[in-house]
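> here's my sequence, what's the structure:
(one chain, ligands or ions: 1)
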Amino acid sequence: MRVAVTGTPGTGKTTATERLREETDLEVIHLNEVLEEEELYTEVDADRESKIADLDGLAAWLDDAEDAEDAVIESHLAHHFEVDRVAVLRCHPETLEERLLERGETEAKASENAESEALDVILAEAVEEHGLESVYEIDTTDLAPEAVATELEAVVAGDREPSAGEVDFVGYLE
Ligand SMILES: Nc1ncnc2c1ncn2[C@@H]1O[C@H](COP(=O)(O)OP(=O)(O)O)[C@@H](O)[C@H]1O
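Just a heads-up that it's a prediction; the model follows:
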């Protein structure tokens, strides 16, 4: 079983999957770390000070990696790969913005991500690529990281029904 944990930056993917790694036997792969270690990025976007992931390179790495067959793959890009289930972490845009500013991101980046979260961008991509029956939304706004990890464990174990479209932050944009 390979499960993607995706979501807008700031939804708590890294924090929750680290809990999962510490508290369960699940194999957790942070794609950001793979990208850095294997230099799987194609160019550096100087304006945004960010690296553009080499998606084909990451897909090939996942194909070859022994531990990646039965694993939790964490990244805001994780839903672009071959996976059995996709957990999409969500967070109310205002809370998301606060989390990102606290993490030291710029105002511009925090508000860009808040807007993207309000527009369901990643959820829509996940549903388009994997279908409604494979997508599990988890609203982290009022959940502590350990509670998010418990929800993720339930997704991996098959103890949760697929859910998409239940979280609605569109009002934030009005
Ligand atoms: N469930 C949560 N509740 C409150 N704050 C959280 C939660 N999960 C993460 N955070 C905080 O929000 C920020 C973003 O979390 P992080 O795990 O880095 O998100 P992502 O990996 O999705 O970008 C961090 O500063 C983290 O401490």
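> for Glu37, grab the count of nearby residues.
Look at Glu37: counted by other C-beta atoms under 10 Å, it has 9 neighbours. All C-beta spots, glycine's among them, are computed from the backbone N, C-alpha and C.
> also the one 4 residues further on?
Tyr41 is flanked by 16 other residues according to other C-beta under 10 Å.
> residues in contact with it?
Contact analysis of Tyr41 by C-beta atoms under 8 Å, 6 or more residues apart in numbering lists 35, 51-54.
> same thing with Thr11?
Contact partners of Thr11, counting by C-beta under 8 Å, 6+ apart, are 89-91, 96, 117, 140.
> switch the cut-off to 10 Å
Applying C-beta atoms under 10 Å, 6 or more residues apart in numbering to Thr11 gives the contacts 5, 76, 88-91, 95-96, 99-100, 113, 117, 122, 138-141, 148.
> mind listing the strands for the protein?
Assigned by DSSP state E, the chain shows strands spanning 2-6, 28-30, 41-45, 50-53, 71-74, 85-90, 135-139.
> give me the mean pLDDT for the shortest one.
Going back to what we said before, that points to strand 28-30. Averaged over strand 28-30, pLDDT sits at 98.
> picking that back up, want to throw the strands of the chain into a markdown table with distance to the ligand?
What follows is the strands of the chain, written out as a markdown table (distance: least, C-beta to the nearest ligand atom, whole Å):
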| stretch | distance to the ligand |
| --- | --- |
| strand 2-6 | 9 |
| strand 28-30 | 9 |
| strand 41-45 | 17 |
| strand 50-53 | 13 |
| strand 71-74 | 7 |
| strand 85-90 | 6 |
| strand 135-139 | 10 |
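> need the least confident one among those, by mean pLDDT.
strand 41-45 (a mean of 75).
> quick one: distance of that strand to the chain centre.
Here strand 41-45 shows a centroid-to-chain-centroid distance of 20 Å under the convention C-alpha atoms, centre = their mean, to the nearest Å.
> what's the answer for stretch 2-20, then?
For stretch 2-20, the distance to the chain centre is 5 Å (C-alpha atoms, centre = their mean).
> and it, what's buried?
Buried residues in stretch 2-20, counted by 16 or more other C-beta atoms under 10 Å: 2-17, 19-20.
> using CSV, list the CA coordinates for that stretch.
Extracted C-alpha coordinates of stretch 2-20, given in CSV (Å, rounded to 0.1, in the frame of the first residue of the first chain):
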residue,chain,number,x,y,z
ARG,A,2,1.5,3.3,-1.1
VAL,A,3,-0.2,6.4,0.3
ALA,A,4,0.4,10.0,-0.7
VAL,A,5,0.2,12.7,1.9
THR,A,6,-0.3,16.0,0.1
GLY,A,7,-1.7,19.4,0.7
THR,A,8,-0.9,23.1,0.4
PRO,A,9,2.4,24.1,2.2
GLY,A,10,1.5,24.8,5.9
THR,A,11,-1.2,22.2,6.2
GLY,A,12,1.1,20.2,8.4
LYS,A,13,2.3,17.3,6.2
THR,A,14,5.8,17.2,7.5
THR,A,15,4.8,17.5,11.2
ALA,A,16,2.1,14.8,11.0
THR,A,17,4.1,12.3,9.0
GLU,A,18,7.1,12.7,11.3
ARG,A,19,4.7,11.7,14.1
LEU,A,20,3.6,8.7,12.0
